[in-house]
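Student: Everything below, folded, please.
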Amino acid sequence: METLRDLFEHIVRTNPASKELLRIRAGRDWRTLTVKDFEEVTRETARRLAQAGIGHGDRVALFSENRPEWHIIDFACHLLGAAPVPIYPSVPAHQVRYIVADSGSKMLLVSGKERAEAAVIAASELPSVRVVGIDPNLASLPSLQDLPAGRDNLVLPPLRPTDLASIIYTSGTTGDPKGVMLTHRNLASQITSIKPKYPITSEDDVMSFLPLSHIFQRILDYIFLYSGCRVTYVDAVEKVAAMLPLVKPTIMASVPRVYERAYVQIMSRMQREKPIKRRLFNWAVRAGRQAREVEWRGRRASPLVRLQYSLARKLVFSKILERFGGRLKFSVSGGAPLAREIAEFFDIVGLPILNGYGLTESSPVIAVNRLEANRLGSVGQAAPDVEIRIAPDGEILARGPNIMKGYWNKPEATAEAVDAEGWLHTGDIGHLDNDGFLFITDRKKDLLVTTGGKNVAPQPIEARLATSPYIAQAIVIGDTFPYCSALIVPNFENLQTYLKEQGIDGNLSTESMAKHPVTEALVAAAVKETNEPLASYERIRRFTVLPRELSLEQGEITPTLKVRRRIVSERFKDLIEQMYLKTHRTAQFALDD
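Tutor: So this is what the prediction gives:
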């Protein structure tokens with residue numbers, strides 16, 4: 001398999017025509033496509049796009065949530081040799097306009113009323129771009145089904161592994177997004193090399209809920225489809241908890257935020273249980289940790305310890321796993337660091353989380369853990385056919401068939417990211433242990449340097465703070481300051497529940513909750529616990545509780561929920577200043593003047 005067109009032919013050739021392949025919830029029922037349905041509608045979509053003037057080398061923007069049509073359009077483009085340009089389903093009109101214009105897309109396919117309105121606004125200044133609705137009767141747009149289908153015997157153009165397969169715009173924490181050019185070889189190499197390392201079969205049920213506009217979910221879906229799995233689409237992360245008991249997935253992939261929320265909910269619920277249940281839960285976690293810690297060191301626990309662990313799984317952990325559907329074999333985490341505390345907890349419960357690492361520029365997998373080699377705290381060993389090297393300054397470099405062709409229309413940025421020897425400079429800091437497991441320390445550009453000359457990696461500190469049930473996000477400050485401080489975004493939902501339980505008005509505004517002395521005490525306790533294992537120069541000396549969540553609309557976070565540190569620092573400049581003496585903050589903000 002050398003191209004994504006080959007992947008499509010593999011799917012329809014190796015699975016029974018009547019097998020359920022794709023489905024999505026429609027009210028109380030399912031809308032399901034068999035392999036035959038998938039093949040027929042994909043080829044028909046390709047004919048309609050061809051009749052509309054889409055051909056080899058053209059770009060087609062796709063502005064949609066996760067749904068069967070996403071992959072149908074994706075594969076229809078590959079049949080024609082066109083390159084899909086996915087757009088995050090939540091971005092505003094001005095970002096849609098930028099991506100469509102910069103990529104030179106000939107067509108913008110869109111789903112949903114709000115996205116259709118944004119698409120129309122975006123295309124109002126792009127007269128050469130044709131906007132087409134994926135669904136009929138969408139904001140007066142012509143629909144995909146309205147396009148002429150053309151003849152049945154569509155002649156497909158030659159397709160080479162080096163041809164452009166997709167342009168994916170990185171959300172970026174600074175500046176305009178860059179269009180990452182990925183070839184068919186980039187993506188096919190990941191599918192064929194990674195799949196054999198994992199027990200994925202045609203009997204597996206999987207959920208696709210991370211945005212397909214991000215390469216992480218997209219490459220996983222390709223691997224699942226290559227394996228003949230049934231894929232169930234969930235159009236929003238917020239619906240995942242309700243869908244888990246219905247889908248009962250055997251494999252799941254997510255970003256750390258989902259695992260963090262699940263962990264926090266479990267711990268918060270246990271705090272509200274009767275004492276006897278709390279004691280049973282705490283005993284189970286201790287018994288599980290005793291057993292798993294021995295196994296993490298590569299040994300076998302004693303018969304008594306194994307018996308206690310078996311009882312803990314039966315009496316306590318099985319009920320937790322039922323909340324995930326009860327059939328999960330393993331889960332994959334990527335996109336951001338996963339706190340070791342959370343990885344250990346779920347491993348003890350019986351749900352191995354395989355942490356991995358990669359970038360859009362690497363299609364994306366650079367390293368990933370495996371079931372038989374899952375080193376907690378690491379992001380695993382190098383993916384097959386991928387080389388990893390640590391530069392003298394600690395930056396992680398990667399090379400292999402998965403490394404991008406370059407940035408669209410940005411040769412200087414491409415030369416800066418990929419050197420003459422083919423090494424991708426990731427911008428991340430890390431190290432390899434003696435067994436080749438990669439550990440990520442931080443983003444190179446995010447490293448804080450205090451006025452004492454100490455380097456502080458903020459992300460591990462922020463990840464530990466976020467394990468508190470009362471903290472949703474934390475942003476560590478300290479660059480050119482004498483000590484570290486933090487902006488804290490509370491978990492307002494859990495905070496409101498706690499305040500009610502304490503007999504305090506549970507209908508307070510978020511601003512009032514942020515200012516409440518109880519909130520300050522809860523956050524202070526979390527900061528104190530986080531500080532304990534840290535070096536003195538890494539510890540949080542002051543913190544400020546923010547009165548609201550960070551906003552995608554205001555540009556404070558990216559569509560993948562990563563914090564845009566510079567924007568947040570500028571937005572909350574006054575609050576940051578108040579955490580430092582006047583003499584401390586002169587150097588910091590002189591740079592902005």
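
Student: just the strands in the stretch 1-150 of the chain please.
Tutor: Ranges of strands in the stretch 1-150 of the chain, per DSSP state E, counting those that start in this stretch, are 20-26, 29-34, 59-63, 83-87, 107-110, 130-133.

Student: need the contact list for Ile215.
Tutor: For Ile215, the set of contacting residues under the criterion of Cβ atoms under 8 Å, 6 or more residues apart in numbering consists of Ile168, Leu182, Gly358, Thr360, Ser363, Pro364. Just so you know, the C-beta spots here come from the backbone N, C-alpha and C atoms, and that holds for glycine as well.

Student: Which one (most neighbours) among these?
Tutor: Ser363 (31 neighbours; other Cβ atoms under 10 Å).

Student: Kindly provide the distance from Ser166 to Val60.
Tutor: Distance from Ser166 to Val60, counting by Cβ to Cβ, to the nearest Å: 10 Å.

Student: Leaving out chain neighbours, which residue sits closest to Ala52?
Tutor: The spatial neighbour of Ala52 that comes closest, neighbours along the chain excluded (Cβ to Cβ, 6 or more residues apart in numbering), is Leu147 at 5.2 Å.

Student: what does Val96 give?
Tutor: The shortest distance from Val96 to any residue that is not its chain neighbour, by Cβ to Cβ, 6+ apart, is 3.9 Å, and that residue is Ala122.

Student: just checking, that neighbour touches Ile87?
Tutor: No - the criterion here is Cβ atoms under 8 Å, and Ala122 misses it with Ile87 at 9.4 Å.

Student: so what sits against both of those two?
Tutor: Residues touching both Ala122 and Ile87 comprise Val96, Val100, with contact defined as Cβ under 8 Å, 6+ apart.

Student: so after the longest helix seen in the chain, what's the next helix or strand?
Tutor: Across the chain, the longest stretch assigned as helix under DSSP state H is helix 275-296. Sequence-wise, the next helix or strand beyond helix 275-296 is helix 303-312, with elements assigned using DSSP states H and E.

Student: Which strands and helices lie in contact with that following helix?
Tutor: helix 275-296 (3 or more Cβ pairs under 8 Å, 6 or more residues apart in numbering; DSSP states H and E).

Student: which stretches of the stretch 51-200 of the chain form helices?
Tutor: Residue ranges of the helices in the stretch 51-200 of the chain, as given by DSSP state H, counting those that start in this stretch, are 68-80, 93-103, 113-123, 184-194.

Student: Nearest to Met513 among the ones you listed would be which one?
Tutor: helix 113-123 (29.1 Å; Cβ to Cβ).

Student: now the closest one, how far from the centre of its chain.
Tutor: Between the centre of helix 113-123 and the centre of its chain there are 25 Å (Cα atoms, centre = their mean, to the nearest Å).

Student: Now that helix: average pLDDT?
Tutor: In this model, helix 113-123 has an average pLDDT of 94.

Student: Report the inter-axis angle for it versus strand 59-63.
Tutor: For helix 113-123 and strand 59-63, the angle between their directions (axes from the mean of the first three to the mean of the last three Cα atoms, to 10 degrees) works out to 140 degrees.

Student: in a strand, that's where Arg542 is, yeah?
Tutor: Yes - Arg542 sits within a strand when classified using DSSP: H, G, I helix; E, B strand; the rest coil.

Student: That one reaches Ser485, doesn't it?
Tutor: Yes - if you go by Cβ under 8 Å, Arg542 and Ser485 touch, sitting 4.3 Å apart.

Student: thought Val258 was touching Glu238?
Tutor: No - the pair Val258 / Glu238 is not scored as a contact, 10.2 Å apart, by Cβ under 8 Å.

Student: what about the two, which has more around it?
Tutor: Taking neighbours as other Cβ under 10 Å, Val258 and Glu238 compare with Val258 leading, 18 against 9.

Student: show me what contacts that one?
Tutor: Val258 touches Val237, Val240, counting by Cβ under 8 Å, 6+ apart.

Student: Glu341 too?
Tutor: Arg464, Thr467.

Student: Mind checking what secondary structure it has?
Tutor: Assigned state for Glu341: helix (three-state reduction, three-state DSSP).

Student: number of nearby residues for Ser318?
Tutor: As a burial measure, Ser318 scores 13 neighbours (other Cβ under 10 Å).

Student: phi, psi of it?
Tutor: According to degrees, to the nearest 10, the main-chain angles of Ser318 amount to phi -60, psi -30.

Student: what's the spacing between it and Tyr309?
Tutor: Counting by Cβ to Cβ, the gap from Ser318 to Tyr309 is 12 Å.

Student: re the thing from before, and for the residue nearest to Ala52, the neighbour number?
Tutor: One way to gauge burial is a neighbour count; for Leu147, by other Cβ under 10 Å, it gives 19.

Student: so it sits right up against Val132, yeah?
Tutor: Yes - checked against Cβ under 8 Å, the pair Leu147 and Val132 is within contact range at 7.0 Å.

Student: so what's in contact with those two at the same time?
Tutor: With contacts taken as Cβ under 8 Å, 6+ apart, the residues that reach both Leu147 and Val132 are Ala52.

Student: what sits opposite the closest residue to Ile168 other than its chain neighbours in the beta ladder?
Tutor: Once its chain neighbours are removed from consideration, Ile168 has its nearest residue in Val180; the separation is 4.9 Å (Cβ to Cβ, 6+ apart). Beta bridges link Val180 to Ile168, Tyr407, judged by DSSP bridges.

Student: and Val180, what is it in contact with?
Tutor: Counting by Cβ under 8 Å, 6+ apart, Val180 touches Ile167, Ile168, Tyr169, Thr170, Thr360, Glu361, Met404, Tyr407, Trp408.

Student: Let me have those residues in a markdown table, adding pLDDT and distance to Ser193 as columns.
Tutor: Output for these, formatted as a markdown table (pLDDT from 0 to 100; distance: Cβ to Cβ, whole Å):
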| residue | pLDDT | distance to Ser193 |
| --- | --- | --- |
| Ile167 | 98 | 23 |
| Ile168 | 97 | 20 |
| Tyr169 | 94 | 25 |
| Thr170 | 86 | 23 |
| Thr360 | 93 | 18 |
| Glu361 | 97 | 17 |
| Met404 | 98 | 17 |
| Tyr407 | 97 | 24 |
| Trp408 | 97 | 26 |
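
Student: Pull out the buried members of those.
Tutor: Ile167, Ile168, Tyr169, Thr170, Thr360, Glu361, Met404, Tyr407, Trp408 (16 or more other Cβ atoms under 10 Å).

Student: and which of the residues you listed is nearest to Val35?
Tutor: Lowest distance from Val35 to the buried ones among the contacts of Val180 (Cβ to Cβ) belongs to Ile168, with 26.9 Å.

Student: so where is this protein shaky, pLDDT-wise?
Tutor: For the chain, residues meeting the criterion pLDDT under 70 lie at 171-175, 453, 506, 582-593.

Student: and His78, what is it in contact with?
Tutor: Thr3, Leu4, Arg5, Leu7, Phe8, Leu159, Ala165, His184.

Student: The stretch 351-500 of the chain: strands as residue ranges?
Tutor: The residue ranges that make up the strands of the stretch 351-500 of the chain, judged by DSSP E, counting those that start in this stretch, are 353-358, 365-368, 381-382, 387-390, 395-399, 406-407, 424-432, 438-443, 448-449, 455-456, 471-477, 484-490.

Student: rewinding a little: who wins for most neighbours among the contacts of His78?
Tutor: The most neighbours of any of the contacts of His78, using other Cβ under 10 Å, belong to Ala165, which has 28 neighbours.

Student: Surely it and Ala83 touch.
Tutor: Yes - between Ala165 and Ala83 there is a contact under Cβ under 8 Å: 6.2 Å.
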